[in-house]
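Engineer: Mind folding the following:
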Amino acid sequence: MTRSDTFHADGVRRLFEVTRRVSGSTDLAEVLEEIATGVVEGLGYGVAAISRLEGEILVVTATGGPEELREQLVGRRTPASVILEEFKMADHWGILRFLPHERLSSETAESLWVPEMEVREDDPEAWHPLDTLYAPLYSSAGVLLGNMSVDLPPDNRIPDQQGRELLEMFVVQAGLALEHAQRREQLSRQVRLGEALKTLAFAVHRDFDGGLRDAARALSEALDAPQVSIRCFPDTVDDPAEHAAGYPDGPRAPALTVSGIRAGLQRRATHEVLRPFVINVDPEPGEADDEAAQLVRDHVEGHGWGSCLLAPVAVDQEVLGYVVVLRTAEQPPFEDDEVNALHEAGRELGRLVLDARVRRTEVRLVRELRELDRYKGELIATISHELKTPLTSIMGHTELLEDAGVQPTSVDAISRNAARLDRLVSNLLNYSRMQGRRELERAPVDLGEMCRATVEMLRVQSDSAGVDLVLDQPDHPVVVLGDKDELPKVVDNLCSNAVKYTPRGGRVDVRLHTDQEAAHVAVTDSGLGISRQDQVHLFSAFHRSTNPDALTIPGTGLGLAISRTIAEAHGGTISVDSELGRGSTFTLSVPFPED
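Structural biologist: Numbering: from 1, shown residues only. Okay, the predicted model is just below:
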């Protein structure tokens, strides 16, 4: 057996071991080291070096050969463009690329590692110190992942066909190992980015400023970035303060001119879709360099960073802030999935910032509305009290005139309208009191007794109006917890309205019934009915019907508003079922006390 045959046999055994390791191991460094060592020990090469593509640079990550040579080669960086140019000049041996020494330029030859060996000009198959044998490492999709280079082949001769085929098998395994590692890294990165987006959403919902810090930390860990900063521009209406957070905090955290970067990003938004953009300290030829990019580049360079990924925090085309992710010059460039993830983070942050602004606006508006409501209540109470005193005097003197036998028509009118004003003032005072009241004095109240009292009180009025008033109730008490002064006002109002708005010859039914949860007082009339349009505002204070027939009947527009307030204070409801011209049914529901 020749020396070459021995190497071939050893190579096959080492190839089997490498194949098994590539299929089962997740440690890329160990696998690449084993492949490089297998090429040296199994195939007889003096040195083998495997480079991994990081951005546009090939970095030697594994070597096989003498220890002192490893120290020279590991970490060596070569622009991928240089190797690709050499591939164009090389002979194609399947997936291998052989570049004879005579095709090398003097500049390229000076940059290469050259072994010390004797040059044998008399043998055309002899290996020359400047001969180069490469093997580009591609993924299954044809994407360049790295490169393997070998030197000092067995017997210092150009490899034969069998030797090339064995080397190709090692190359294939190296490519598979890199592709598996890349897929694991992509999957791991996607998981981290997904978790970061989830953390961002939940954290900012809980506490905006604290959430921004948690979001910066999550993005820093997911993107393997030594510095992440988030800034949200102030909302001058409801929140004039700027919100910002960084991870980690320190002197190298971004301190960009907010007005400048904001204006630059907004100008960018008018020309293109707001996407994250990468800013390198040394821009590539033709790389966009607008105002926003230059502001960031000056900061990145001034603080010793290598590159930056900036994502606008935006909703549609409105810029609300930005996220800055920084990396050192030694770190790999940003991947597409990282750029896409930061784009999603910027959109999610934009939505959360907008939600926070809406909440702050809502809080302000609620506060203003409460203040207006309080002022309205105080105004109503003040006016009502001021009206009550002269009204009492007018009504008293009217009674004196009647007792004295003075009965002109004008005295009748004074008495009637004074009584109407008195009811209006009483309703205003009730409305004001209920608006400012927070607690009711509750005690057991029999709704059956309450309904009977109301019907008896309205009997004279209903008989005078020619309206049948009928009560239907159980023969046992129906007891709820309620305010004995306020709750009867609701039943009184519903029943009196039914009688008032029912024409002569009509009917009003008052029905008390129960279910497991509540007692219900349903007041049904055959009166004018209420249009769908009027039902929308039926329980609003001072609302009057748009029905001309209903407007001829005096009213304040406060009764139903007061009734609903009282019902809700009892934990109950008032509902209406009505159709214009076909009558109405108002139902008061009051829950039973819990056991």
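
Engineer: contacts and neighbour counts: CA atoms only from here.
Structural biologist: Fine.

Engineer: where along the stretch 1-150 of the chain do the helices fall?
Structural biologist: Ranges of helices in the stretch 1-150 of the chain, per DSSP state H, counting those that start in this stretch, are 3-24, 28-43, 67-73, 80-89, 106-111.

Engineer: Mind giving me the packing neighbours of the fourth one?
Structural biologist: With contacts defined as 3 or more CA pairs under 8 Å, 6 or more residues apart in numbering; DSSP states H and E, the secondary structure elements packing on helix 80-89 are strand 96-99.

Engineer: Could you tell me which residues within the strand it packs on count as buried?
Structural biologist: Leu96, Arg97, Phe98, Leu99 (16 or more other CA atoms under 10 Å).

Engineer: repeat for stretch 161-170
Structural biologist: Gly163, Arg164, Glu165, Leu166, Leu167, Glu168, Met169, Phe170.

Engineer: The fifth one: what secondary structure?
Structural biologist: Per DSSP: H, G, I helix; E, B strand; the rest coil, the local secondary structure of Leu167 is helix.

Engineer: Setting aside sequence neighbours, what's the nearest residue to Glu116?
Structural biologist: Leaving out its chain neighbours, the residue that sits closest to Glu116 by CA to CA, 6 or more residues apart in numbering is Pro129, at 7.2 Å.

Engineer: Can you give me the distance of that neighbour to Ile158?
Structural biologist: 11 Å (CA to CA, to the nearest Å).

Engineer: quick one: secondary structure of Arg370?
Structural biologist: Arg370 ends up helix, using three-state DSSP.

Engineer: what's near enough to touch it?
Structural biologist: Contact analysis of Arg370 by CA atoms under 8 Å, 6 or more residues apart in numbering lists nothing.

Engineer: how many neighbours does the residue nearest to Glu116 have?
Structural biologist: 18 (other CA atoms under 10 Å).

Engineer: Same list (the buried residues of stretch 161-170) but as a markdown table, adding pLDDT.
Structural biologist: Listed next are the buried residues of stretch 161-170 as a markdown table, based on pLDDT from 0 to 100:
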| residue | pLDDT |
| --- | --- |
| Gly163 | 84 |
| Arg164 | 87 |
| Glu165 | 86 |
| Leu166 | 85 |
| Leu167 | 86 |
| Glu168 | 87 |
| Met169 | 85 |
| Phe170 | 82 |
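
Engineer: how many neighbours does the closest residue to Val323 other than its chain neighbours have?
Structural biologist: Closest residue in space to Val323, ignoring its immediate chain neighbours: Ile230 at 4.5 Å, by CA to CA, 6+ apart. Neighbourhood size, Ile230 [other CA under 10 Å]: 25.

Engineer: surely Ile230 meets Ala218?
Structural biologist: No - if you go by CA atoms under 8 Å, Ile230 and Ala218 don't touch, sitting 11.8 Å apart.

Engineer: circling back: show me the two of the buried residues of stretch 161-170 that sit farthest apart.
Structural biologist: Longest distance between any two of these is 11.0 Å, between Gly163 and Phe170; criterion CA to CA.

Engineer: what pairs with Ile279 across the strands?
Structural biologist: Cys308 (DSSP bridges).

Engineer: What does the closest residue to Glu330 other than its chain neighbours show for phi and psi?
Structural biologist: Leaving aside its chain neighbours, Glu330 sits nearest to Gly306 (7.5 Å; criterion: CA to CA, 6+ apart). Backbone torsions of Gly306, given as degrees, to the nearest 10, read phi -100, psi -40.

Engineer: give the contact list for Gly306.
Structural biologist: Asn280, Val281, Val300, Leu326, Arg327, Thr328, Ala329, Glu330.
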